[in-house]
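Undergrad: with the sequence up front, the predicted model follows.
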Amino acid sequence: MVKNKANKKPSKIKKIFSKKRNVVIFVIVLVLLVGGGAAALMLINKDGGILDLSNDTSNKKENEERVVKYYDDLTGELVSYSGYQKNADGSEKKDSDGKSIYISETQAKEQADKNNLARINCIQIPNGTDARPQVGLSSAKIVYEAIAEGGITRFAALYRGSTDDVIGPIRSLRMYYLEWDIPYDCTIVHAGGVKAAVERAKSYAHLSESNTYMWRDYSGYYAPNNLFTSAELLDSFNRDNKYTDSRPKVFARLTPDESDAELKEIRTASTDESDENAKKYAYANSIYVHVTAAANYNVNYTYDSATNTYLRAYEGNSGKHMSYTCKNTGKSENKIKPQKDCGAAKQVAPKVVVVMKVDEALNQENLYREEITTTGSGEAWVFQNGIAIEATWSRDKAESGLVFKDKQTGDEVKLAPGQTWITAIAKSYGYVKY
């Protein structure tokens with residue numbers, strides 16, 4: 001008996017290929033196996049056909065127009081961003097061939113990571129009248145200021161990464177400067193210091209007075225305020241000792257866009273009494289910080305609305321606080337003479353000024369050096385974008401970062417982006433006027 005082939009059931013393979021959609025699926029799977037990622041650009045349309053997105057210009061345009069911004073975690077300043085790169089005037093940056101420069105999100109993040117992991121150096125810089133003008137202060141990311149001895153103030157200045165700036169003079173370490181330095185996971189740079197501070201510094205990366213990584217200049221400064229270093233030499237020291245990166249505890253920051261929006265709101269409110277924010281802000285165009293009985297170390301800040309900075313000067317006859325910005329040209333094995341080689345000094349002008357009241361008293365062993373408690377809490381003032389914010393500061397241990405909170409709302413204060421100058425004054429006799 002001959003079987004009727006017309007009634008024979010189709011094979012499984014034929015059944016699979018009986019529908020156009022299944023054929024398409026098979027083709028895609030085959031392409032995936034053979035061609036790898038190219039198949040990711042192909043989709044099935046509603047009719048079972050293949051949709052090729054490899055030339056989808058709308059997707060490409062959307063990616064090109066997407067801008068992701070990355071910031072310096074110490075200062076809040078813009079470090080990198082994805083998309084077409086812009087000049088300061090808003091025009092597109094061009095390469096040597098005249099083509100627009102485009103950076104992907106991955107490239108922008110890599111740039112930011114490189115910046116934010118770069119080694120931080122915390123340098124002790126004197127402020128005696130014979131140490132002025134200092135060198136490199138305007139390049140510091142954050143500066144802590146307090147009395148060192150005899151009413152004379154000293155700075156712990158934080159620098160990040162490889163620049164070619166000369167920095168100094170360098171002076172000795174105190175325990176409270178060390179404790180302000182510790183949260184930044186930095187190399188602590190000093191020239192000796194109080195015994196207890198020097199011993200404790202040995203637990204961290206540190207560099208004391210050195211003929212290899214520092215030099216003394218006798219062309220305009222006098223010992224002990226004539227010891228200098230450079231970012232280049234500090235980079236060498238950090239590489240030699242395998243101090244490869246820093247992971248600091250940082251302040252909460254406004255982004256530049258947020259700060260610009262706040263500044264616009266502040267300035268609108270200042271000229272329009274009917275504005276709902278008119279009474280919200282305490283404007284501060286002139287700030288006086290009483291640090292000590294010695295007038296040459298008390299500070300006046302004048303707000304410069306054109307640059308949105310605070311021009312720093314002294315109460316006494318010292319006038320403006322000036323600093324050299326001096327590029328290291330490798331001259332005489334890096335031994336630059338700042339007052340001869342660095343051009344004109346310029347006035348120090350931070351973007352953010354913070355004043356904090358601390359427990360402070362004379363050291364009872366020598367009665368001229370200071371003892372300052374860096375943990376606990378106290379009053380503070382934050383000056384930024386032309387206004388004053390009454391605040392509090394707190395810190396539970398030396399390894400913790402400082403936290404500033406708005407006294408009225410209890411919210412953490414986000415500092416505006418840019419160089420931040422923090423002055424500690426005694427609870428018993430220091431004060432602020434604005």
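TA: Yep, that arrived. Numbering: from 1, shown residues only.
Undergrad: and the helices in the chain?
TA: Here the chain has its helices, by DSSP state H, at 12-16, 20-35, 57-65, 105-116, 175-181, 195-201, 231-240, 256-271, 338-341.
Undergrad: what's the least confident stretch among those helices?
TA: Of all these, mean pLDDT reaches its minimum on helix 12-16 (a mean of 51).
Undergrad: hang on, Val135 packs against Lys327?
TA: No. Applying Cβ atoms under 8 Å as the test, Val135 and Lys327 come out as separate, 10.9 Å apart. Every residue, glycine included, has its C-beta placed from N, CA and C.
Undergrad: do you know how far the closest residue to Ala118 other than its chain neighbours is from Ala108?
TA: Counting by Cβ to Cβ, 6 or more residues apart in numbering, Ala118 lies nearest to Gly161, which is 3.4 Å off, once chain neighbours are set aside. Distance of Gly161 to Ala108, given as Cβ to Cβ, to the nearest Å: 17 Å.
Undergrad: more neighbours, the two?
TA: Ala108 (20 against 17; other Cβ atoms under 10 Å).
Undergrad: which residues does the more buried one contact?
TA: Contacts for Ala108 were tallied using Cβ atoms under 8 Å, 6 or more residues apart in numbering; they are 68-70, 80-82.
Undergrad: mind checking which of those residues are buried?
TA: For these, a burial check counting by 16 or more other Cβ atoms under 10 Å picks out 70, 80-82.
Undergrad: where along the stretch 1-150 of the chain do the strands fall?
TA: 42-44, 50-52, 69-71, 78-81, 83-84, 102-103, 120-126, 134-135, 142-149 (DSSP state E, counting those that start in this stretch).
Undergrad: out of those strands, which gets nearest to Thr212?
TA: Closest approach to Thr212 among the strands of the stretch 1-150 of the chain is made by strand 120-126 (15.4 Å; Cβ to Cβ).
Undergrad: and the closest one, what does it pack onto?
TA: strand 152-160, strand 187-189, helix 231-240 (3 or more Cβ pairs under 8 Å, 6 or more residues apart in numbering; DSSP states H and E).
Undergrad: by how many degrees do that strand and strand 152-160 diverge?
TA: Using axes from the mean of the first three to the mean of the last three Cα atoms, to 10 degrees, the inter-axis angle of strand 120-126 relative to strand 152-160 is 160 degrees.
Undergrad: next one: strand 120-126 to chain centre, how far?
TA: Strand 120-126 sits 15 Å away from the centroid of its parent chain (Cα atoms, centre = their mean, to the nearest Å).
Undergrad: give the pairing partners of that strand; include direction for each.
TA: Applying DSSP bridges, strand 120-126 is found paired with strand 152-160 (antiparallel), strand 187-189 (parallel).
Undergrad: quick one: mean pLDDT for it?
TA: Rounded mean pLDDT across strand 120-126 is 98.
Undergrad: could you do stretch 209-217 as well?
TA: 94.
Undergrad: coming back round to it: buried deepest among the strands paired with strand 120-126, which one?
TA: strand 187-189 (a mean of 26; mean count of other Cβ atoms under 10 Å).
Undergrad: hmm, who's touching that one?
TA: Residues contacting strand 187-189 (Cβ under 8 Å, 6+ apart): 119-124, 170, 173, 178, 181, 201, 204-207, 229, 234, 237-238, 243.
Undergrad: hmm, try it at 6 Å
TA: Here strand 187-189 makes contact (Cβ atoms under 6 Å, 6 or more residues apart in numbering) with 121-123, 181, 201, 204-207, 238, 243.
Undergrad: which of those sits closest to Ala313?
TA: Ala313 lies nearest to Ile123 out of those, by Cβ to Cβ, at 22.7 Å.
Undergrad: low-confidence stretches in the stretch 51-200 of the chain?
TA: In the predicted model of the stretch 51-200 of the chain, residues 51-64 satisfy pLDDT under 70.
Undergrad: which residue ranges form the strands in the stretch 251-400 of the chain?
TA: 282-283, 286-290, 299-304, 309-314, 322-324, 346-347, 352-358, 360-362, 370-372, 376-384, 387-395.
Undergrad: chain center to the first one, what's the gap?
TA: To tie it back to what came earlier, the one meant is strand 282-283. The answer for strand 282-283 is 26 Å, by Cα atoms, centre = their mean.
Undergrad: helices or strands up against that strand?
TA: strand 387-395 (3 or more Cβ pairs under 6 Å, 6 or more residues apart in numbering; DSSP states H and E).
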